[in-house]
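Engineer: just to be clear, the model below is a prediction. Sequence and coordinates:
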Amino acid sequence: MDMMERLMNLDRRWLYLLVGLAAVIPILAPLNLPVNVSRPVQDLFDRVESLEPGEIIMVSFDYGPSTGPENDPMGDAIILHALARDLRVVVIALYPLGGVTEAREELERCVGDLDPPNGQIASERFPDKVYGRDFIYFGYKDGGLAAMRLMSDNMHEVFPADFYGTPLDEYELGREVQGYDNVAFVMSLATGIIGEWWANLVNAQFGTPVAVGCTAVSAPKYFAYYRAGQMFALLAGLKGAAEYEFLVSQKYPQLAQITDSFIYNAGKGWDVQSVVYSIITLFIIIGNVAFIVERRRQKRGM
Amino acid sequence: MDFGTVAATWLGAFFTLCILSFLYKDNPFFRFAESVFAGVSMGYYIGNTFGQTFVPNLVHPLFTPPAGTPREWILVIPLLLGFLLYTRYIKKVAWVSRFSLAIYVGYYTGVNMMQKLQGEVLPQSADTILSFWRAGTFTNVGEWISLLVVVVGVLSVLVYFFFSAEHKGAIGGVSRLGIWFLMVSFGAAFGYTIMGRISILIGRVIFLINQWLGIGNGGVA
Amino acid sequence: MYKKQFPLLLAFLGGAIPIISFFITTPGDRLKVTTDTLQDWMLIIAGAALLLGVVNLFQINLRKISTRAKGWPNALWLLLSLVIAATFGLADAFGTSVFGIWGGDVAFQWIQDAAFKPLQATMFSLLAFYVASAAFRAFRVRNVEAGILLAAALIIMLGVNPYAVKVLPFLPDATNWIMNIPNAAAQRGIIIGAALGAASFSLRILLGIERSYLGLQKGE
């Protein structure tokens, strides 16, 4: 019993150290653990597969660096998947504390470095894809709900110019996208409430199909929206990202190669996650066993 | 790698370690990094609000319109309303900021009201009611049971939140059931929250080990 | 009158216009054009509102520095990093260089990589440690409710765990069922309840019953 007691009174810093070590080791020795694909993720994959080449999808980066490890690989996977299927991609950002940074970083990670104002518009990774024709980055806008409502049929009012300051009209894809009617669906990668807005404002009012890649923390609420059909697909946290990345990599080996070349991808994160998660699960079980044993002992003592 | 990238990685690693040091105990390095975090975040706001919103949506169309396009004089109004917000910091004229604030709050309140009713109450209620119709015949018993669980869950949770009647007798029983449904959901939320928090840590560890120290498999950052 | 009643009227109009426009979606309709104009302005006003905190931050920290209050050097660091980041950001916004050396876009990008991103990400990563410690110490089966909570949490946690799934292959299905059925039901109850509450509170604001956001007392 003494051992149990001592365990419960352990300085919390030992726990921290254990968690830290559990996160480091699988990074040094990858495990390639499997993921089970769930329905809400399969729905996104199937929808992207069902679109005709040339159709446009809009990807909104509604998160910041704080949840990058969950949302980044979702952004990578959807952009790569869309380009591999010859869909066209419009990227925007609505999250004030980092969306604009994340959007640019993930887009460039997928297509290669860009510098459109100085003429560098061809993608290094997809030689037949060009900025402004096959993909474009509209940039970030303040205003949240106001911007989302105005975008419905006044896209150029919200985004007069792209991220780099060039008027949208100067690009073929920019000219074409005047509102939600021009996109097949919107995919929001969200840290918190903005993903909900896409469902309960944009989908509810304009009927635009919406898919959301949310953080694990907000996932439970999003399942209610998914169930009601307010979003046709849902990627929940790093697990959702790993499932989608797995589906895309399996169907398109050339994309698997690209994803594997990233310093961080969902598969790699999933390995670490599983190990740390197992340890925390053990913490909960040990903690409760100790609690129950202690309570029994107290009862008997009285 | 060029000098700028290397410097950014090292500075990033320094800040990362400063903040992680808080796990051991509170210390001046953490306090320093925390202050820089607050300052840089605010500076980031300023840069992006100007670069992504004010310049393309206000400055260009109002002050420097491209040749051949008329100046959008009407934008003087939001410019003025934006400025008026700041009068709150000058005691004598602080009341003027109420004009802008009222329009701002009024607009978002109006949108929010409809958003809640049209985008949440109606579709969520409708799906609860209509799901049986969608399920169709009684062939799939498992699905019917699940749908029944949803209906019972939604109603009992709503009863739990209904405070106009005392939670006694039948209402007490139903609201107790509502609590159980909530507990299942909070349990799920707890599991998912742990998952989310770990993911965030993984990103930092990979940054430190693969990117900064260059140990293990590197790749495109 | 114009100090108190007029703002309440403005708030009513500001809310009523988008509400009515919900029911009118004909392109070119005058009310829709009005709403769109209002929304266009809102981008600017929201941007200005977002920056209101800057003034506050300066006031508080300058006071700290001038009175040499406890921790004043941190206040100095805060303002210094704010000024540097904002300078780079504004140079980027207006397409100028920083001191003629760095392009604004390069400088702003650099400070994001070197400071903004690692700081924000690491600050939130601390929570991983706290949540682990809480799981160990605070998460206890004290009664029926806590037992249900724990059971649901454990099924979810094991259901996404590849090791556990190898031993108990039904776990992923159980997890999906919990998320899609009882969890979604409870969340739906919360959503409907909270939405009704929020909608009625919105109405109180628009009708001028709730006016504390303007710094006004009831009946003022």
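Structural biologist: Alright, I've got the coordinates.
Engineer: tell me which stretches of chain B form strands.
Structural biologist: Assigned by DSSP state E, chain B shows no strands.
Engineer: can you list the domains in it?
Structural biologist: Listed domain ranges for chain B are B:1-71, B:79-136, B:141-221 (source: automatic domain parsing).
Engineer: ditto for chain C
Structural biologist: C:1-50, C:139-220.
Engineer: now the domains of chain B as TSV including mean neighbour count, mean pLDDT and distance to chain A?
Structural biologist: In this view, the C-beta of every residue, glycine as well, is placed from N, C-alpha and C. Output for those, formatted as TSV (neighbours: other CB atoms under 10 Å in any protein chain shown; pLDDT from 0 to 100; distance: least, CB to the nearest CB, whole Å):
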stretch	mean neighbour count	mean pLDDT	distance to chain A
domain B:1-71	18	94	4
domain B:79-136	19	92	3
domain B:141-221	19	88	3
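Engineer: follow-up on the earlier one: out of the domains of chain C, flag the one nearest residue A:298.
Structural biologist: Distance to residue A:298, taken as CB to CB, is lowest for domain C:139-220 among these, at 13.3 Å.
Engineer: any stretches of chain C with poor pLDDT?
Structural biologist: Scanning chain C with the threshold set as pLDDT under 70 gives C:218-220.
Engineer: which single residue in it comes nearest to chain B?
Structural biologist: residue C:89 (1.5 Å; CB to the nearest CB).
Engineer: hang on, the earlier thing: now the domains of chain B as CSV including distance to residue A:122?
Structural biologist: Below are those laid out as CSV (distance: least, CB to CB, whole Å):
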stretch, distance to residue A:122
domain B:1-71, 22
domain B:79-136, 39
domain B:141-221, 18
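Engineer: OK, contacts around the residue nearest in space to the middle of chain A?
Structural biologist: In chain A, the centroid-proximal residue (CA atoms, centre = their mean) is residue A:71; its distance is 2.8 Å. By CB atoms under 8 Å, 6 or more residues apart in numbering or on different chains, the contact set of residue A:71 is A:61, A:63, A:102, A:189-191, A:213, A:215, A:241.
Engineer: which secondary structure element is home to it?
Structural biologist: helix A:68-84 (DSSP states H and E).
Engineer: what residues of that helix count as buried?
Structural biologist: A:68-84 (16 or more other CB atoms under 10 Å in any protein chain shown).
Engineer: looking at the domains of chain C, which is nearest to residue C:118?
Structural biologist: So among the domains of chain C, domain C:1-50 is nearest, using CB to CB, at 22.9 Å.
Engineer: the closest one near chain B at all?
Structural biologist: Yes - under the criterion of CB under 8 Å from any CB of the partner chain, domain C:1-50 makes contact with chain B via C:3, C:6-8, C:10-19, C:22, C:37-50.
Engineer: near chain A, from those residues?
Structural biologist: Within these, those near chain A by CB under 8 Å from any CB are C:18, C:22, C:39-40, C:42-44, C:46-47, C:50.
Engineer: which ones among the residues you listed map onto strands?
Structural biologist: Those of these lying in strands (DSSP E): none at all.
Engineer: nearest to residue B:177 among these?
Structural biologist: residue C:22 (36.0 Å).
Engineer: separation between residue C:180 and chain A?
Structural biologist: According to CB to the nearest CB, to the nearest Å, residue C:180 and chain A sit 6 Å apart.
Engineer: can you report how many residues lie near that residue?
Structural biologist: 19 (other CB atoms under 10 Å in any protein chain shown).
Engineer: what of residue C:209?
Structural biologist: Residue neighbour count, defined by other CB under 10 Å, stands at 11 for residue C:209.
Engineer: please, which helix or strand holds it?
Structural biologist: Counting by DSSP H and E, residue C:209 is found in no helix or strand.
Engineer: torsion angles phi and psi at it?
Structural biologist: Dihedral pair for residue C:209: phi -80, psi -40, per degrees, to the nearest 10.
Engineer: with residue A:61 instead?
Structural biologist: Residue torsions, per degrees, to the nearest 10, at residue A:61 are phi -90, psi 100.
Engineer: for beta bridges, what are the partners of it?
Structural biologist: residue A:93, residue A:189 (DSSP bridges).
Engineer: so who does residue C:125 touch?
Structural biologist: B:20, B:197, B:200-201, B:203-204.
Engineer: let's see that with 6 Å instead.
Structural biologist: B:200-201, B:204 (CB atoms under 6 Å, 6 or more residues apart in numbering or on different chains).
Engineer: in which helix or strand would I find it?
Structural biologist: helix C:117-137.
Engineer: ok, residue A:217 next?
Structural biologist: Counting by DSSP H and E, residue A:217 is found in no helix or strand.
Engineer: excluding chain neighbours, what is closest to it?
Structural biologist: Closest residue to residue A:217 apart from its sequence neighbours, by CB to CB, 6 or more residues apart in numbering or on different chains: residue B:196 at 4.2 Å.
Engineer: how about that neighbour, what does it touch?
Structural biologist: Residue B:196 neighbours (CB under 6 Å, 6+ apart): A:215-217, A:237.
Engineer: just flag the most distant two among the residues you listed.
Structural biologist: A:217 and A:237 (7.8 Å).
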